[in-house]
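Chemist: 3D model of this:
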Amino acid sequence: MTEILQNSGWLFDLLDVAVVAFLIYKFLLLIRGTVTFRLVLVLGLLFTLYASSQITGLKTLGWLLNNLFSSVILVLVIIFQHDLRRALVTISRKQSNRGGDEGGEVIEQLVNAAQALSDKKIGGLMVLEREMPLDGFLEVGTEIDAKVTSEIITSIFLPYSPIHDGAVIIQKGKLTKAGCFLPLTQNPEISKTLGTRHRAAIGLTEIVDAVVIVVSEETGKISVAIGGGVLRDLEPPRLRKVLRQLLEGRWLK
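Modeler: Modelled structure (predicted):
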């Protein structure tokens, strides 16, 4: 048996290499087209240059890359600070204090508001705060502090309303602000067909774990932005289901 295992050692080596190659391939597929993918490529190139400098004896290049790698952890922390913050919040996430009935009522009012805006082709942005606080990422805004109702939300977004251009903010089951401007996404991969509202919704969800409902003024179609991505063309029943999954922590991409 020992002799057989020794003779088949190359098979285990081949299997080992195949498994590693498969994992690397899956990882690259996962991050393809993202900033992370480009960063991995750059780091791979730098590591190749560093290895080459050690082999060829290029001391200056080796010294430069060695100093660069010594601070790469700090660079990665700066680049991915929002992702790290989101991950830490997720780890420490606790059960929400809001009751299921109250949360269900808020969802129903938001769905009704989205449908009403969609039917009239009135643009709207509705932001739902989850675990990460929003206050540090909002610009301007008018304090409201009211119960979430579809009537209030639709009236805010009517064209003659002075705060119709911004977003409304829902925090802890209450409508707290309106007319808020959100940070626009800088992701070059975002479709050119998406307008300012969608880009603002995506931009905010790249930073925090909020859920943003978007109603297009041009088409009346409803979308939901989450985690830097967007689910488009949602009918009210689908919107209701998505919101329930997201707010109850059962969301699966």
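
Chemist: In contact with V140, which residues?
Modeler: By CB atoms under 8 Å, 6 or more residues apart in numbering, the contact set of V140 is G166, G179, C180, F181. Where you see a C-beta, it was placed from the backbone N, CA and C, and this is true even at glycine.

Chemist: Select from those residues the one having the most neighbours.
Modeler: Within those, neighbour counts (other CB atoms under 10 Å) peak at C180, which reaches 24 neighbours.

Chemist: Need the three-state assignment for I207.
Modeler: At I207, secondary structure determined by DSSP: H, G, I helix; E, B strand; the rest coil is coil.

Chemist: and it, how many neighbours does it have?
Modeler: I207 - counted by other CB under 10 Å - has 20 other residues nearby.

Chemist: now swap in the one 5 residues further on and tell me
Modeler: If you count neighbours by other CB under 10 Å, V212 ends up with 23.

Chemist: one step back: out of the contacts of V140, which is nearest to L49?
Modeler: Using CB to CB, F181 comes nearest to L49 of the contacts of V140, at 43.0 Å.

Chemist: thinking the closest one is in contact with A201, fair?
Modeler: No. Using CB atoms under 8 Å, F181 is not in contact with A201, being 11.9 Å away.

Chemist: Would it be right to say that A146 lies in a strand?
Modeler: Yes. With three-state DSSP as the criterion, A146 is part of a strand.

Chemist: Show me what counts as buried in stretch 180-190.
Modeler: For stretch 180-190, the neighbour count (16 or more other CB atoms under 10 Å) marks C180, L182, T185, I190 as buried.

Chemist: farthest pair in these?
Modeler: For those, the maximum inter-member distance is 20.7 Å, found between C180 and I190 (CB to CB).

Chemist: Okay, M126 and I169: tell me how far apart.
Modeler: 8 Å (CB to CB, to the nearest Å).

Chemist: Also K177?
Modeler: 4 Å.

Chemist: any common contacting residues for the two?
Modeler: Taking CB under 8 Å, 6+ apart as the contact rule, K177 and I169 both touch L138, G141.

Chemist: The two: which has the busier surroundings?
Modeler: Legend: neighbour count by other CB under 10 Å for K177 and I169, higher for I169 (25 against 22).

Chemist: Where does that one sit: helix, strand or coil?
Modeler: Criterion first, three-state DSSP; result for I169: strand.

Chemist: Okay, now the unreliable bits of the protein?
Modeler: By pLDDT under 70, the low-scoring segments of the chain are 1-17, 19-42, 61, 65, 68-102, 139, 249-253.

Chemist: Helices of the stretch 51-200 of the chain, residue ranges please.
Modeler: 59-70, 72-79, 81-91, 100-120, 150-156, 196-205 (DSSP state H, counting those that start in this stretch).

Chemist: List the buried residues of the shortest one.
Modeler: Along helix 150-156, the positions that meet the burial threshold by neighbour count (16+ other CB under 10 Å) are S150, I152, I153, T154, I156.

Chemist: Who's the closest spatial neighbour of I156, skipping the chain neighbours?
Modeler: A178 (5.1 Å; CB to CB, 6 or more residues apart in numbering).

Chemist: who touches the one you found in this structure?
Modeler: G141, T142, I144, I156, I163, G166, A167, V168, I169.

Chemist: at 6 Å instead, please
Modeler: T142, I144, I156, I163, V168 (CB atoms under 6 Å, 6 or more residues apart in numbering).

Chemist: likewise G227?
Modeler: Going by CB under 6 Å, 6+ apart, G227 touches T205.

Chemist: do you know how far it is from V212?
Modeler: Distance from G227 to V212, by CB to CB: 11 Å.

Chemist: joint contacts of the two?
Modeler: Common neighbours of G227 and V212 (CB under 6 Å, 6+ apart) are T205.

Chemist: where's P236 relative to I107, distance?
Modeler: P236 is 11 Å from I107, by CB to CB.

Chemist: Those two: which is more packed in?
Modeler: The residue with more neighbours, out of P236 and I107, is I107; 21 against 13, by other CB under 10 Å.
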